[in-house]
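1. Predicted structure and sequence below. I'll ask about it afterward.
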Amino acid sequence: MATYNFPSITPTSQTFELVTNSRQFQSPTSGAVQTLSRKGSFWKTRMTFSNLSGSDRAELQAFIAKRDG
């Protein structure tokens, strides 16, 4: 798998969130809730880019295209 470096474009805003690998199941008859926790959490980030210039916009679009996004 290829490794791609993120372009040197600063986002307008950015947030990080740790996503746990757990699921909840609720019984349709009794309403009881069961939680299943599995190994493996991952980090999720959300970045916002506002009003990028032509070259920055093209560089970011190329990065996303390389990642099959």
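-> Yep, it's here.
2. for the residue nearest in space to the middle of the chain, helix, strand, or coil?
-> The residue lying closest to the centre of the chain (C-alpha atoms, centre = their mean) is K44, at 3.8 Å. The local conformation at K44, judged by DSSP: H, G, I helix; E, B strand; the rest coil, is strand.
3. Return the residues in contact with R23.
-> T35, L36, R38 (C-beta atoms under 8 Å, 6 or more residues apart in numbering). C-beta here means a position set from N, CA and C on the backbone, and glycine is covered the same way.
4. Quick check: the gap between it and F42.
-> For R23, the distance to F42 (C-beta to C-beta, to the nearest Å) stands at 15 Å.
5. what does F16 give?
-> 11 Å.
6. ok, now T20?
-> Taken as C-beta to C-beta, the span from T20 to F42 is 9 Å.
7. Could I get the full set of strands for this protein?
-> Using DSSP state E, the strands found in the chain span residues 13-19, 22-26, 33-37, 42-48.
8. Which among those strands is found nearest to G54?
-> When the strands of the chain are compared by C-beta to C-beta, strand 42-48 sits nearest G54, at 18.8 Å.
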